[in-house]
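1. next one to model:
(one chain, ligands or ions: 2)
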Amino acid sequence: MGKQGVNVGIIGFGTVGTGTARILLENAGVIAKRAGFPVVLKKIADRDITRDRGIPVPEGILTAHADDVLNDPDIDIVVELVGGIHPAKDFILQAIANGKHVVTANKALLATEGADIFAAADQKGVEVCFEAAVAGGIPIIKVLREGLIANNMVSIFGIINGTSNYILTKMTAEKAEFADVLKEAQALGYAEADPTFDIEGIDTAHKLTILASLAYGIPLSFDAVYKEGITKITSEDIAFATELGYKIKLLAITRAVDGQVELRVHPTMVPNDYLISKIDGVFNAIYVEGDAVGATLYYGRGAGDMPTGSAVVADIVDTARTILHGGKRSSGISGSGSAYTIRQMGDVESMYYFRFSALDQPGTLSKISGILGKYNISIASVIQKGRSASSSVPLVVLTHTAKEKDVANAIAEIDAMPVVADKTLVLRVEGKE
Ligand code: NDP
Ligand code: HSE
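-> Ligands and ions are numbered 1, 2, ... in the order given. As a prediction, the model looks like this:
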């Protein structure tokens, strides 16, 4: 008789490790019933096994040594949940070398070092699964790799960082201070070990790297992603956006344009009547358009112990099916052979919001609009608030569609003018012209 179930070892008993262990222990019955076989949590390694993690674990499964998981011949699946590049990469490569399948939530590692990991896994004939790496509990990897396999992808855009969405939501709805809300997100277990990854768009770019590779067959291209975070957004910009009928959201965008793929992460003004503008707090939402299916939308919690644990356990069960029933699924991440190249950010087109800090003097607006006109940037509307003969006042301009490199050149020229007191804040604007 063949194998009747699978044994799992987790390395990293933090936020996601705890959620994963809780689900495997508390939902063991329902998982076994649905899967048709038991999934047994055999070991959990963490460098601190004395801390109370808030869940009772069976005696003898905790260990302070990752090697106890990696070298245990009874463990079929190693779940890497320590995060970061090293030693996480070394753990995964050692697991693969030992013939074990791997499940990970580590988007930073996959986006930057994934090529080595998938190559090693292919060579050894094991799977590396990563549903939890993008959008927490939303099964977006399965959607792209399986559910929408029939489609040429038109575009993907979404909110895929829970921490920054939590911050923007509270700044908008409660006028809360950025730093206070970031602390809350950290306490809730949403933020990365280094929270600058969340607020500077790096975590979103890691995830977009993975999504774009799955969607367009391009190699993992983290360095090519244009990245801007939310740290420059002020309460003043949020107030202007509200007045104009928009929400500010940190969006990940990839779309196919003329055989090229855009890869960009930046705060974006989204019209209030777009569903994505209503995604609040830690929730994520991803809009995926395929040429056959049309528009589809996926929504759920993007971070936290249990939602992310849900995605990790789904991968464990899928991998267990492979182990018990044979075959090996492709990761969906390809190293080469895509029909697409990556579009330079300068060639991207968008509508824009500019907040100039301009001295309130006669002729200022005409000087600014003159430069915008010189670079083919057409103004849709202008708001100026307040009056001051001596200091600067905010001058807000919304544009029609313009080219990114024209905007960069125009803003550089405008910011060099003596009547402009501070760096201009530029946001891209989604919506219809
Ligand atoms: P945590 O920091 O909460 O957990 C990581 C755990 O691993 C900690 O207990 C840490 O110990 C331990 N650890 C670190 N190094 C080692 C080592 N060498 N050997 C054994 N244990 C080690 O992180 P998260 O659970 O939040 O994140 C884990 C992974 O999941 C990351 O890749 C993250 O990006 C990803 N992720 C996180 C989500 C979330 O909502 N938090 C959602 C989706 C993905 P110590 O505390 O001492 O450092
Ligand atoms: N720090 C990440 C976020 C965790 O806030 O979305 C989920 O990947």
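2. how does the chain divide into domains?
-> Domain ranges of the chain: 6-136+305-325, 140-300, 347-429, per automatic domain parsing.
3. for these, which one sits closest to ligand 2?
-> When the domains of the chain are compared for distance to ligand 2 using CB to the nearest ligand atom, the nearest one is domain 140-300, at 3.4 Å. Heads up, the C-betas are built off the backbone N, CA and C, glycines and all.
4. quick one: the closest residue in space to residue 188 that isn't next to it in sequence from ligand 2, how far?
-> Excluding the flanking residues, the one nearest residue 188 by CB to CB, 6 or more residues apart in numbering is residue 304, at 6.8 Å. Using CB to the nearest ligand atom, to the nearest Å, residue 304 is found at 8 Å from ligand 2.
5. show me where this structure has its helices.
-> Secondary structure of the chain (DSSP state H): helices located at 15-26, 28-35, 66-70, 88-97, 107-124, 140-142, 162-173, 178-187, 196-199, 202-216, 235-244, 305-325, 364-374, 404-415.
6. give me whichever of the ones you listed is most buried.
-> Highest mean neighbour count of the helices of the chain: helix 202-216, a mean of 27 (counted as mean count of other CB atoms under 10 Å).
7. name the helices or strands packed onto it?
-> Helix 202-216 is packed against helix 107-124, helix 140-142, strand 153-159, helix 196-199, strand 226-227, strand 246-257, strand 260-271, with contacts defined by 3 or more CB pairs under 8 Å, 6 or more residues apart in numbering; DSSP states H and E.
8. what does the first one contact?
-> What it means is helix 107-124. The contact list for helix 107-124 (CB atoms under 8 Å, 6 or more residues apart in numbering) reads 83-85, 88-89, 92-93, 96-97, 99, 102, 104, 127-128, 130, 133-134, 192, 197, 202-203, 205-207, 209-210, 219-220, 222, 331, 333, 335.
9. repeat that for stretch 81-96.
-> Defining contact as CB under 8 Å, 6+ apart, one finds that stretch 81-96 is touched by 10-14, 16-17, 20, 66, 70, 78, 80, 102, 104-106, 108-109, 112-113, 116-117, 120-121, 124, 126, 128, 192-193, 312.
10. from memory residue 429 sits against residue 267, does it?
-> No. Counting by CB atoms under 8 Å, residue 429 stays clear of residue 267, with 10.6 Å between them.
11. and of the helices and strands packed on helix 202-216, who's closest to ligand 1?
-> Nearest to ligand 1 among these is helix 107-124; the distance by CB to the nearest ligand atom comes to 6.0 Å.
12. that closest one - what's its average pLDDT?
-> Taken as a whole, helix 107-124 has a mean pLDDT of 98.
13. that one vs helix 202-216, what angle?
-> In terms of direction (axes from the mean of the first three to the mean of the last three CA atoms, to 10 degrees), helix 107-124 departs from helix 202-216 by 40 degrees.
14. wait, what's in contact with the residue nearest to residue 188?
-> Contacts of residue 304 by CB under 8 Å, 6+ apart are 15, 19, 136, 162, 188, 189, 190, 282.
15. residues touching the closest residue to the first one other than its chain neighbours, list them.
-> Leaving aside its chain neighbours, residue 15 sits nearest to residue 189 (3.8 Å; criterion: CB to CB, 6+ apart). Residue 189 is in contact with 15, 303, 304, 305, counting by CB under 8 Å, 6+ apart.
16. ok, residue 336 next?
-> Residue 336 neighbours (CB under 8 Å, 6+ apart): residue 219.
17. what about the residue of the stretch 51-200 of the chain at minimum distance from ligand 1, distance to residue 21?
-> Nearest to ligand 1, among the residues of the stretch 51-200 of the chain, is residue 83, at 3.0 Å (CB to the nearest ligand atom). For residue 83, the distance to residue 21 equals 16 Å [CB to CB, to the nearest Å].
18. over to residue 327: give its phi and psi.
-> When quoted as degrees, to the nearest 10, the phi and psi of residue 327 stand at phi 90, psi 170.
19. let me know the pLDDT of it.
-> Looking at residue 327, its pLDDT stands at 88.
20. so which of the contacts of residue 189 comes closest to residue 56?
-> Of all those, residue 56 sits closest to residue 305, with 15.6 Å by CB to CB.
21. ok, back up a step: of residue 429 and residue 267, who's got more company?
-> residue 267 (25 against 20; other CB atoms under 10 Å).
22. need the contact list for residue 303.
-> Residue 303 neighbours (CB under 8 Å, 6+ apart): 136, 161, 162, 163, 189, 190, 282.
23. and those residues, which two are the farthest apart?
-> 161 and 189 (14.1 Å).
24. burial check on the closest residue to ligand 1 within the chain, number of neighbours?
-> As assessed by CB to the nearest ligand atom, ligand 1 sits closest to residue 14 within the chain, at 1.7 Å. Here the count is done by other CB under 10 Å, and residue 14 has 17 residues near it.
25. pretty sure it contacts residue 47?
-> No. Counting by CB under 8 Å, residue 14 sits too far from residue 47 to count as a contact (10.4 Å).
26. quick check, pLDDT for the residue of the chain most remote from its centre.
-> Distance from the C-alpha centroid of the chain, by CA atoms, centre = their mean, peaks at residue 362 (44.8 Å). Residue 362 is assigned 86 on the pLDDT scale.
27. against residue 416, how distant is it?
-> 20 Å.
28. my guess is residue 154 meets residue 287, correct?
-> No. Between residue 154 and residue 287 there is no contact under CB under 8 Å: 10.3 Å.
29. chain neighbours aside, what residue packs nearest to residue 428?
-> residue 350 (4.3 Å).
30. any idea what the spatially closest residue to residue 236 that is not a sequence neighbour is bridged to?
-> Leaving aside its chain neighbours, residue 236 sits nearest to residue 394 (6.3 Å; criterion: CB to CB, 6+ apart). On the basis of DSSP bridges, residue 394 is bridged to residue 357.
31. ok, the closest residue to ligand 2 within the stretch 251-400 of the chain to residue 136 distance?
-> Going by CB to the nearest ligand atom, ligand 2 is nearest to residue 303 of the stretch 251-400 of the chain, at 3.7 Å. Distance of residue 303 to residue 136, computed by CB to CB: 5 Å.
32. next: residue 352.
-> 31 Å.
33. how about residue 201?
-> 17 Å.
34. what parts of the protein come near ligand 2?
-> Counting by CB under 6 Å from any ligand atom, the chain comes close to ligand 2 at 136, 161, 162, 163, 190, 191, 192, 198, 203, 302, 303.
35. ok, the fifth one touching residue 166?
-> So that's residue 190. Yes. Between residue 190 and residue 166 there is a contact under CB under 8 Å: 6.3 Å.
36. just the endpoints, please. Distance across stretch 80-88?
-> From its first residue to its last, stretch 80-88 covers 7 Å (CA to CA, to the nearest Å).
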